[in-house]
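> coords please:
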Amino acid sequence: MAKKPVLVVMAAGMGSRYGGLKQIDPVGSCGEAILDYSLFDAHAAGFETAVIIIKKAIEADFMATVGKRLENCPMEIRYAYQEIDKGVPEGLCVPEGRTKPWGTSHAVLCAGSEIGDAPFVAINSDDYYGKSAYRVVYDRLCKACDADKYDYCMVGYAVGNTVTENGSVSRGVCQVDENNRLTQVVERTRIAKQGDAIRFTEDGETWEDLTFDTPVSMNMWGFTPSFLKELEARFPVFLEKNVPANPLKAEFFLPSSVSELLEEGKATVEMLRSFDKWYGVTYAADKPQVVAALRAMTEAGQYPDGLWK
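Below is the predicted model:
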C-alpha cells in the first residue's frame with residue numbers, strides 16, 4: 001500500500017476489574033505506562049504515526065501524564081475521542097443509564113478521521129505485546145492489498161503466554177485453515193490457569209482444557225482502510241439488533257466485526273504468530289509482575305532506562 005501503516009491505540013476503556021485508569025498507571029522506572037512501551041516498540045518496527053483513542057472524561061489526567069511524556073516521542077501523535085453518543089444515527093438514542101463505551105469496533109470507528117486512508121494496526125493500551133509482534137504486523141501491512149477480498153491480518157499468541165495468576169481472562173480463541181487464514185474467533189470470557197492446566201468455562205461449573213499453544217487474539221489487528229467503511233455501515237445495525245436486549249452492556253467488538261466479514265466471504269485474515277510473552281494489568285495484582293518483567297528487560301538492554309529521554 002502507498003501509505004505507511006498507522007498505529008491505533010485503544011485507551012478509552014473503563015478497566016472495571018482493575019479498579020482504576022490502567023491506561024496511565026506507571027509500570028516503568030521513569031513513570032512510563034505500558035502504552036509508552038508499545039509506542040517505543042512500534043516506532044522501532046517502522047511506525048511513524050500513532051492515533052491514541054481516549055475519552056474526554058480522562059483527557060486531563062491522560063495529557064498530564066502520558067501526553068506530557070509523549071512530547072518527546074519521535075512519532076507523530078494524534079488523539080481521537082470515543083464518546084458514547086459519537087456515531088449514533090439520528091432516530092436512535094443512547095439508553096438511559098448507559099455509561100459503558102460501545103466497545104473496540106466503535107473505538108476504531110471514532111478514530112476514523114485521524115487514521116484517514118492509511119492501513120492501520122489496532123491494539124489495546126494496557127497490553128504489552130512484545131517487540132516481534134510490531135515487526136511482523138508492520139511488514140505484513142506494508143504489503144496488504146485488497147483485491148477480490150479485503151486483505152487483513154492479526155497477531156496470534158499462545159494462550160499459555162497470556163494468562164494471569166490473579167483471575168480469569170477473556171480471550172478470542174482462533175481457528176485457522178491450512179493456509180494460516182483465520183476461519184473463526186470464538187470469544188471465551190472465562191479462561192483461567194488452574195495449576196499447570198489452562199481451562200475455560202461458559203457456565204462457571206464445567207471446565208474444558210486448552211493446550212498451552214492454542215492461538216488466541218489479544219486485539220492486535222491489521223486492517224486496510226476498507227475496514228473503516230465496514231464499521232460505519234455495521235454500527236447502526238449493531239445498535240438496532242443488540243441494544244434493545246442488552247441496553248447497558250451490549251458492545252460492538254472488533255472480533256465480532258471481523259467474524260461477520262469472514263462469514264460473509266468479504267475478507268481474509270492472515271494469522272501472524274508471536275511467541276513473546278504477553279504482559280498486562282487485567283487485575284491490580286498483576287502490576288508487580290509487569291513492573292518486574294519490564295525492569296528485567298531494561299536491565300538486559302532491551303529498553304533504555306527512561307524511554308523518552
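
> mind listing the helices for this structure?
For the chain, applying DSSP state H gives helices covering 34-45, 59-62, 68-69, 104-110, 112-115, 131-142, 226-242, 254-263, 287-299.

> show residues contacting the fifth one.
Right, helix 112-115. 6, 8, 51, 78-80, 108, 225, 228, 231-232 (C-beta atoms under 8 Å, 6 or more residues apart in numbering). Using the backbone N, CA and C atoms, a C-beta is placed for each residue, glycine as well.

> give the contact list for the closest residue to V136 other than its chain neighbours.
Nearest residue to V136, sequence neighbours excluded (C-beta to C-beta, 6 or more residues apart in numbering): L272, at 4.7 Å. By C-beta under 8 Å, 6+ apart, the residues touching L272 are 133, 136-137, 140, 153-156.

> just those residues now: which is nearest A300?
Set against A300, the nearest of the contacts of L272 by C-beta to C-beta is A133 (18.4 Å).

> each with direction, which strands does the longest strand anywhere in the chain pair with?
Criterion DSSP state E: the longest strand present in the chain is strand 182-194. Here strand 182-194 is paired, per DSSP bridges, with strand 169-176 (antiparallel), strand 197-201 (antiparallel).

> go through those and pick out the most buried.
strand 169-176 (a mean of 19; mean count of other C-beta atoms under 10 Å).

> tell me the angle it makes with helix 254-263.
Per axes from the mean of the first three to the mean of the last three C-alpha atoms, to 10 degrees, the angle that strand 169-176 makes with helix 254-263 is 20 degrees.

> distance between strand 169-176 and the chain's centre?
The chain centroid and the centroid of strand 169-176 are separated by 13 Å, computed with C-alpha atoms, centre = their mean, to the nearest Å.

> CA atoms of that strand as PDB?
Output of strand 169-176 as PDB, limited to C-alpha atoms (Å, rounded to 0.1, in the frame of the first residue of the first chain):
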ATOM      1  CA  VAL A 169      -9.300 -13.500  31.400                       C
ATOM      2  CA  SER A 170     -11.300 -13.100  28.200                       C
ATOM      3  CA  ARG A 171      -9.600 -14.200  25.000                       C
ATOM      4  CA  GLY A 172     -10.700 -14.800  21.400                       C
ATOM      5  CA  VAL A 173      -9.700 -18.400  20.600                       C
ATOM      6  CA  CYS A 174      -8.600 -18.600  17.000                       C
ATOM      7  CA  GLN A 175      -9.200 -21.300  14.400                       C
ATOM      8  CA  VAL A 176      -7.200 -21.200  11.100                       C
END
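
> quick check: closest non-adjacent residue to V216.
R171 (4.1 Å).

> and the one you found, how close does it get to F252?
18 Å (C-beta to C-beta, to the nearest Å).

> how deep is the nearest residue to V169 once chain neighbours are set aside tucked in, by neighbour count?
Distances taken as C-beta to C-beta, 6+ apart place I191 nearest to V169, at 5.3 Å, with adjacent residues excluded. Using other C-beta atoms under 10 Å, I191 has 22 neighbouring residues.

> residue contacts, I191?
159, 163, 168-171, 198-200, 210.

> swap in S259?
184-185.

> 10 Å instead?
By C-beta atoms under 10 Å, 6 or more residues apart in numbering, S259 lies in contact with 172, 182-187, 253, 267, 269.

> which one among those gets closest to L239?
F253 (13.7 Å).

> touching, that closest one and G103? I think so.
Yes - the criterion here is C-beta atoms under 10 Å, and F253 meets it with G103 at 5.0 Å.

> overlap of the contact sets of these two?
Common neighbours of F253 and G103 (criterion: C-beta under 10 Å, 6+ apart): F238.

> those two - which one has more neighbours?
Legend: neighbour count by other C-beta under 10 Å for F253 and G103, higher for G103 (22 against 19).

> these two touch, right, the more buried one and S257?
Yes - in this structure G103 lies within contact range of S257 using C-beta under 10 Å: 9.4 Å.

> mutual contacts of these two, please.
109, 235, 238.

> just send the residues you listed back as TSV, with distance to P26, neighbour count and pLDDT too.
Listed next are these as TSV, based on distance: C-beta to C-beta, whole Å; neighbours: other C-beta atoms under 10 Å; pLDDT from 0 to 100:
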residue	distance to P26	neighbour count	pLDDT
L109	30	25	97
F235	34	22	96
F238	35	21	94
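
> ok, these vs R295, which is closest?
L109 (37.0 Å).

> so that closest one makes contact with L239?
No - using C-beta under 10 Å, L109 is not in contact with L239, being 11.9 Å away.

> where do the contact lists of the two overlap?
By C-beta under 10 Å, 6+ apart, the residues touching both L109 and L239 are 87, 102, 252.

> let me know the closest of those residues to V94.
Closest to V94, out of all of the shared contacts of L109 and L239 and judged by C-beta to C-beta, is W102, at 9.2 Å.
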